[in-house]
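Colleague: Sequence and predicted model, in that order:
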Amino acid sequence: MNSVLKLAAGSRRVRHGWLIASSLIAVAANAQAPQDSARASGVSDQDIIVTGSRASLNGFSAPSPTQVIGADLIARQGASTVAEVLQQEPAFKATRSAGGNANNFANPGQATADLRGLGGQRTLVLINGSRVVPQAPSNNTGVPVTTDLNVIPTNMIDRVEVVTGGASAQYGSDAVAGVVNVLLKKQFRGIELTASSGISQYGDNARYRLGAIGGIDFAGGRGHFVASVEATESKEINDLYARKWGAEEWMIVTNSNFATNGLPANVVAPNVKNNNSIGGKILGPNNFTLRGYTFNADGTIRPYDAGSLNNGTYQIGGEGLSRNTGSSLIPGVRRVTTYARAEFAFSDAAVLSAEGGYTNTLAIFTGGLPNIASFTIQRDNAYLPQAVRDAMIAQNITSFTLSKGFYDMGNINFRVRNETPHVMLALEGDLGNSWHYDTHYSYGKNIFRSNFTNNFAPAFYAFAADAVQVGGSIVCRGVRDNVPAAAGCVPLNVFGPQSIQRSAPGAQDYVNRAGFSRVGYVQHSAAVNVRGEPFATWAGPVSIAFGGEWRSEKQKLTADALSTAGRFLIGNATPFAGKFNVKEGYFEALVPLAREVSFAHSFDINGAIRYADYSTAGGQTTWKLGTVYEPIEGLRFRATRSRDIRAPAIYELFSPGSTLAAGLTVRGINANIPQNRSIGNPNLRPEVANTLTLGVVLQPSGIPGLRASVDYFRIDLRDAIDSLTAANIGNFCTAGQQLYCSFITFAPNGTPVSLAAPVQNIASFKSTGLDFALSYRLGLGGSSSLTTRFSGTYALKNLINGVDRAGENGLGSLGAVPHFRGNIQETFETGPLSLTAQLLYISKGNNDNTFNTIPALTINKNEIPAMAYVNLFSTLRIDERMELTASIDNLLNTDPPVSPYATQGQAVNGQYYDKVGRAFEIGVRIRFP
């Protein structure tokens, strides 16, 4: 069986002979032709589809590097989802994954394909060559609208093909970094049941999987039916204290006094606590003698231990807990997916098929705790300890400011559900003389709903915390003063740990509320494709493909009244609706120029062009040129040059954005004001990428079983869609650029009041690097063999808005990628037994490449060491019907390296480094004829 194969991407439908496996390379165990994988699933050679080109019909090679991951590799690793295997490949970044979603409250169950670290929205995901309805969360800050890999039924996968290079000319928008095409089984005979269970050595993150697939042939083999159902669950890991490395409480603490105290401007240290205090801390005024005191549970006060360095948010040492106490280290995910496909061949010219599926994913995420950085307490507050009130009276102080971390009120709880039904009706057939057509219509819908409870509402807190005595009862000041917005207010005691227990009944329910947001996203798509060989050159037949596509997408967001009004600390969503449609046409040709001549064993050129007419972005043209040159048999050179696009998403065009309070400096004035820098912009242009790939493939006949390749890539993306920073708006306005001043509302005295700015085509990405692949299968006699498989990516440059993020292993930046990642596997097979050892390697790098470049960005610890993880997989075939599997992830129980990101309060980068630790899994697969 074929595990992972590199192919020179050939045709969508190969009808004759060998499938150009020599153009790229096989990089996996038993790497024969891709037909082998198909035959194992009961699919004939005529049904082979390859993603990189739509034109080739009889084995000519196209130049786009294409990696193929077979179903046997997925099964060997016992993967619950295809994302688990895909994100191990060095070309991918696990931006949205179980480990990477620790602070992703917007869509914590999401798993995306992110080639080159340019964002999941710039990698196109297809199922059976057709688009999949994207998942559209209600809060898009840093969360892409793109396909969730969880919708793909794992037990239905035949193979996954990955084109690492621009492919917009073949497949349209979003194929900037590449394409992931998941090919599902079209035929299956019998029934196969799968079950597995796993757990970490710490007794958490339990994993379960149950699946079934079955199929039959009917009408003398002219008809086929296959269906599957699969249920998986991965349990939540509670918080950082669940792991020893997390309990060390590493974080970055900014040091504003770096010019005078001898420390760098940023200090990485363990034992970092929440500076806001569990019991509440008095901040000022400066002349108050109790400034810097905290409250005990019994109402007494004492000096607060602020540690050795504090910045108002974090402190090193001292008292307290982490700001991320109680927040999920790994979100929990439950998933059920169903799929069915029926096909009937009326004749060779008319094969009708219908397929459909439904996926229901529930993510369970415990978010952060409410933290109040500064709140005014009046001297007549009913809950204020008498000793403090007496001190205020003695010093003629009428109020003071307080900070507090409300650990006693608990964390916000998110339950995010995505339901994705989809159907497709297709017709295909032969037209004679090498010509073939296919056409389809598909419908998909994603229903996103985020339900949250215990969400802190600052406006209600402001009323509740301002409690006063009225006639022997404690009430909210707003109620006493008949403030309409304070109706129903329940007074809250904020002094001391567990102060909620000494508050009026119902105070927490008044301050912390429940809410929801919902998004409906609908996609209609239709296409017709024709391909054939109209004539031949001296070197062989010319293959062409042409066709047209139509797609319509619409999105509608709704939310509860409080979320709509922006009343919550996080999770707010403003309703909007938007839509677009696009009509496209393409043409592709593959022309052989030489076969078996003095200067070449083979020489082909390939070209494709596509025109798309968007209702929002207007007409857009994409193209691709490529060549494959084989001077001698076994040595092949390939090259592509393409122009690719990503059209603006609906939310980027029409979203009202979200508002948060943040600092702004403009015209010499510093102000903390409401800012909305994510407003949709209907005038956005598509992002445009110019991509170059150059590669060499070696498959020497003198060393059977050896295949190797090296590919250079360069992606130059311009006009990328991004938000303006507050600093840039303030600086440009100060410099006199009125466009930027128009984003700011000023009071009559010139003080900034608010900021509202649309997203713009302002960002640029330039990614260059090398992809490596090697495989070698050594026969050991009889049924025994040893197979080596290696894939690696070396990032030369990853310029994001001019800053090189290559060699940056931290969590803080889009486009941050290690210089080198490698995935090497050794598989030993003998008779019914297969054993695989896998090594995943990540080179050393920096937490942030901008650290230690200017005095304000100095840091004491920026280097992240090189890391390696060892995984073991095994399968044992008991008989023709039963197979057992077992695996150990992170065999050496390697802890993730310290790589803190203060903005999200994360101590390590779960996008690259394992946070679970050593984990075990066993499974069984039973097949009935």
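Modeller: Happy to help now that I have it. No experiment lies behind these values; they were computed from the predicted model shown.

Colleague: switch to C-alpha atoms for all contacts and neighbour counts from now on
Modeller: Will do.

Colleague: And the nearest residue to Asp889 once chain neighbours are set aside, how far from Thr112?
Modeller: Excluding the flanking residues, the one nearest Asp889 by CA to CA, 6 or more residues apart in numbering is Asn871, at 4.6 Å. Relative to Thr112, Asn871 is positioned 22 Å away (CA to CA, to the nearest Å).

Colleague: Tell me which of those two has more neighbours.
Modeller: Legend: neighbour count by other CA atoms under 10 Å for Asn871 and Thr112, higher for Thr112 (26 against 19).

Colleague: my guess is that one contacts Val145, does it?
Modeller: No. Thr112 lies out of contact with Val145 (CA atoms under 8 Å); the separation is 9.8 Å.

Colleague: now the helix or strand where Lys404 lies: mean pLDDT?
Modeller: For Lys404, the host element (DSSP states H and E) is strand 399-405. Throughout strand 399-405, pLDDT has a mean value of 96.

Colleague: same check, this time on stretch 291-301
Modeller: The model assigns stretch 291-301 a mean pLDDT of 94.

Colleague: And stretch 586-600, by the same measure?
Modeller: 90.

Colleague: Look through this structure and tell me its longest strand.
Modeller: Using DSSP state E, we find that the single longest strand of the chain is strand 512-537.

Colleague: Name every strand pairing with that strand and say which way it goes.
Modeller: Strand pairing for strand 512-537, using DSSP bridges, gives strand 435-456 (antiparallel), strand 540-559 (antiparallel).

Colleague: Give the buried residues for that strand.
Modeller: Counting neighbours by 16 or more other CA atoms under 10 Å, one finds that the buried residues in strand 512-537 are 512-533.

Colleague: Same check on stretch 414-431?
Modeller: Under 16+ other CA under 10 Å, the buried positions of stretch 414-431 are 414-430.

Colleague: what do you get for stretch 160-167?
Modeller: By 16+ other CA under 10 Å, the buried positions in stretch 160-167 come out as 160-167.

Colleague: Any idea how far apart the tips of that stretch sit?
Modeller: Start-to-end span of stretch 160-167 (CA to CA) is 16 Å.

Colleague: same thing with stretch 395-409?
Modeller: The first-to-last residue distance of stretch 395-409 comes to 33 Å (CA to CA).

Colleague: Same question for stretch 794-806.
Modeller: End-to-end distance for stretch 794-806: 9 Å, by CA to CA.

Colleague: For the one helix or strand Val85 maps to, give me every contacting residue.
Modeller: Element membership for Val85 (DSSP H and E) is helix 82-86. The contact list for helix 82-86 (CA atoms under 8 Å, 6 or more residues apart in numbering) reads 74, 77, 79, 92, 97, 111-113, 149-150, 152, 154.

Colleague: what's the following helix or strand after that helix?
Modeller: Beyond helix 82-86 on the C-terminal side, the first helix or strand identified by DSSP H and E is strand 123-127.

Colleague: And that next one, what's buried?
Modeller: Residues of strand 123-127 classed as buried by neighbour count (16+ other CA under 10 Å): 123-126.

Colleague: for Thr254, phi and psi?
Modeller: Main-chain torsions, Thr254, degrees, to the nearest 10: phi -70, psi 150.

Colleague: Count the neighbours of the closest residue to Thr640 other than its chain neighbours for me.
Modeller: Counting by CA to CA, 6+ apart, Thr640 lies nearest to Gly626, which is 4.1 Å off, once chain neighbours are set aside. A count of nearby residues for Gly626, using other CA under 10 Å, gives 21.

Colleague: three-state assignment of Gly626?
Modeller: Secondary structure, DSSP: H, G, I helix; E, B strand; the rest coil: Gly626 is strand.

Colleague: swap in Ala856?
Modeller: Per three-state DSSP, Ala856 ends up helix.

Colleague: leaving aside the residues next to it on the chain, what's closest to it?
Modeller: In this structure, Ala856 finds its nearest non-sequential neighbour in Ala265, 5.6 Å apart by CA to CA, 6+ apart.

Colleague: Show the pLDDT at the one you found.
Modeller: 94.

Colleague: how close does the closest residue to Asn139 other than its chain neighbours sit to Asn847?
Modeller: If you skip the residues right next to it in sequence, Asn139 has Ala106 as its closest partner in space, 5.6 Å away by CA to CA, 6+ apart. Noted for Ala106: a distance of 25 Å to Asn847, by CA to CA.

Colleague: now do Leu884
Modeller: The gap separating Leu884 from Asn847 is 41 Å, by CA to CA.

Colleague: Have a look at those two and say which one is more surrounded.
Modeller: Higher neighbour count among Leu884 and Asn847: Asn847, with 25 against 19, using other CA under 10 Å.

Colleague: Restricting to C-alpha, output stretch 109-127 in PDB.
Modeller: The C-alpha trace of stretch 109-127 is given here as PDB (Å, rounded to 0.1, in the frame of the first residue of the first chain):
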ATOM      1  CA  GLY A 109     -12.300  23.100  18.000                       C
ATOM      2  CA  GLN A 110     -11.000  24.300  14.600                       C
ATOM      3  CA  ALA A 111      -8.300  22.500  12.700                       C
ATOM      4  CA  THR A 112      -6.900  24.100   9.600                       C
ATOM      5  CA  ALA A 113      -4.400  23.500   6.800                       C
ATOM      6  CA  ASP A 114      -1.900  26.300   6.900                       C
ATOM      7  CA  LEU A 115       0.900  25.900   4.300                       C
ATOM      8  CA  ARG A 116       4.000  28.100   4.900                       C
ATOM      9  CA  GLY A 117       2.400  29.700   8.000                       C
ATOM     10  CA  LEU A 118       0.600  32.300   5.800                       C
ATOM     11  CA  GLY A 119      -2.800  31.600   7.400                       C
ATOM     12  CA  GLY A 120      -5.300  28.900   6.700                       C
ATOM     13  CA  GLN A 121      -7.300  31.300   4.500                       C
ATOM     14  CA  ARG A 122      -4.500  31.100   2.000                       C
ATOM     15  CA  THR A 123      -4.500  27.300   1.600                       C
ATOM     16  CA  LEU A 124      -7.400  25.900  -0.400                       C
ATOM     17  CA  VAL A 125      -9.000  22.700   0.800                       C
ATOM     18  CA  LEU A 126     -11.000  20.500  -1.600                       C
ATOM     19  CA  ILE A 127     -12.900  17.200  -1.100                       C
END
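
Colleague: what's the next secondary structure element after the strand or helix carrying Gly357?
Modeller: Per DSSP H and E, Gly357 falls inside strand 350-366. Downstream of strand 350-366, the next assigned helix or strand under DSSP H and E is strand 371-378.

Colleague: For that following strand, which strands pair with it and how are they oriented?
Modeller: The strands beside strand 371-378 in its sheet (DSSP bridges) come out as strand 399-405 (antiparallel).

Colleague: Output the helix or strand following the strand it pairs with as CSV, restricted to C-alpha atoms.
Modeller: For strand 399-405, the following helix or strand on the C-terminal side (DSSP H and E) is strand 413-432. Output of strand 413-432 as CSV, limited to C-alpha atoms (Å, rounded to 0.1, in the frame of the first residue of the first chain):
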residue,chain,number,x,y,z
ASN,A,413,-17.2,28.7,29.7
PHE,A,414,-17.6,28.3,25.9
ARG,A,415,-19.4,25.6,24.1
VAL,A,416,-18.9,26.1,20.4
ARG,A,417,-20.8,23.9,18.0
ASN,A,418,-20.4,23.6,14.2
GLU,A,419,-22.9,21.7,12.1
THR,A,420,-22.0,21.2,8.5
PRO,A,421,-24.4,19.4,6.1
HIS,A,422,-23.4,19.1,2.5
VAL,A,423,-24.6,17.4,-0.7
MET,A,424,-23.3,17.0,-4.2
LEU,A,425,-24.8,15.7,-7.5
ALA,A,426,-22.4,14.8,-10.3
LEU,A,427,-22.4,13.4,-13.8
GLU,A,428,-19.4,12.4,-15.8
GLY,A,429,-18.4,10.2,-18.7
ASP,A,430,-16.4,9.5,-21.8
LEU,A,431,-17.1,11.4,-25.0
GLY,A,432,-14.9,9.2,-27.2
